[in-house]
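>>> Got a predicted structure here, sequence first:
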Amino acid sequence: MQEPQTPGERLARVNERILRACARSGRDPSTVSLVAVSKTHEASAVAALAQAGQGLFGESYVQEALPKMESLAGLNLRWHFIGRLQKNKAKYVTGRFELIHSVDSIELAHMLHKKSGALGLIQPVLVQVNLGGESQKAGCSLDDTLPLAEAVAAMGALALRGVMLLPPWDENPEANRGLFAQAERLRQDISARLGMALPELSMGMSHDLEQAVEEGATLVRVGTDLFGSRNT
């Protein structure tokens, strides 16, 4: 099969994969949102994908994201922050992003809460969990997830929306299915323990989005299959 070449063709291909995964797992496609991972890609590439119909984009580097967002302000795009967030950068992302996926410590949560409160805002966030136990990756441990979620839920200037998972890389798309399923169980458990709805589960990328959707993902983060190889 010929690989899609235009932004519209690439977007259609990814959306079709999501639709098929939803059909296989009996899910309503409206419960899954595609986050186009635009980090390291030029504003012009974002604009081209937006013109093709994509409205939600994810960025990982504060210093890159903010100028790009400003240059594209006229397109009224939605933005998520999906990367590792240093505590000293928290003040720059609060109120700028519809959702912050990567809250992995109480200290970071406190800084976001403080800045959001000062702005008179409520910042939606996800708790990032490191189920693969990789020391080089962000995310709290499984044991720390519930205490972190409890702390975030108690902060009036933050709105806890769910869980984010970035599992170990494996070229086999089935390799992390078990972790995807574990993340969904964790989301449900935290929701029950806190007595509050946690509607979002962020997981799955270009090569394994089907497995993530089949196991409960509501936000899939796709970069390469929409933009091509990363500009590093």
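Alright, I've got the coordinates. Residues are numbered from 1 along each chain as shown.

>>> quick one: pLDDT of E215?
Looking at E215, its pLDDT reads 98.

>>> For the closest residue to it other than its chain neighbours, grab phi and psi.
In space, not counting the residues next to it along the chain, E215 is nearest to F180; the distance is 3.8 Å by C-beta to C-beta, 6 or more residues apart in numbering. Bear in mind the C-beta positions are built from the backbone N, C-alpha and C, glycine included. Backbone torsions of F180, given as degrees, to the nearest 10, read phi -60, psi -40.

>>> From Q5, how far out is F180?
For F180, the distance to Q5 equals 30 Å [C-beta to C-beta, to the nearest Å].

>>> still on that earlier bit, which residues does the residue nearest to E215 contact?
Listed by C-beta atoms under 8 Å, 6 or more residues apart in numbering, the contact set of F180 reads 165, 167, 203-204, 211-212, 214-217.

>>> is it possible to export those to CSV including secondary structure and neighbour count?
What follows is these, written out as CSV (DSSP: H, G, I helix; E, B strand; the rest coil; neighbours: other C-beta atoms under 10 Å):
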residue, secondary structure, neighbour count
L165, strand, 26
P167, coil, 25
M203, coil, 30
G204, coil, 29
Q211, helix, 22
A212, helix, 31
E214, helix, 18
E215, coil, 23
G216, coil, 20
A217, coil, 28
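
>>> ok, L112 touching Q123?
Yes - in this structure L112 lies within contact range of Q123 using C-beta atoms under 8 Å: 5.8 Å.

>>> Can you work out which residues contact both of those two?
Overlap of the contact sets of L112 and Q123 (by C-beta under 8 Å, 6+ apart) consists of 94, 100, 157-158.

>>> Compare those and tell me which is most surrounded.
For these, the largest number of neighbours (other C-beta atoms under 10 Å) sits with I100, at 26 neighbours.

>>> Correct me if wrong, but it is in a strand.
Yes - under DSSP: H, G, I helix; E, B strand; the rest coil, I100 falls within a strand.

>>> Touching, it and F81? I think so.
Yes - if you go by C-beta under 8 Å, I100 and F81 touch, sitting 4.7 Å apart.

>>> Report the set of residues contacting both of those two.
V93.

>>> Look up the closest residue to C140, ignoring the ones flanking it.
Once flanking residues are discounted, C140 sits nearest to D104: 4.8 Å by C-beta to C-beta, 6+ apart.
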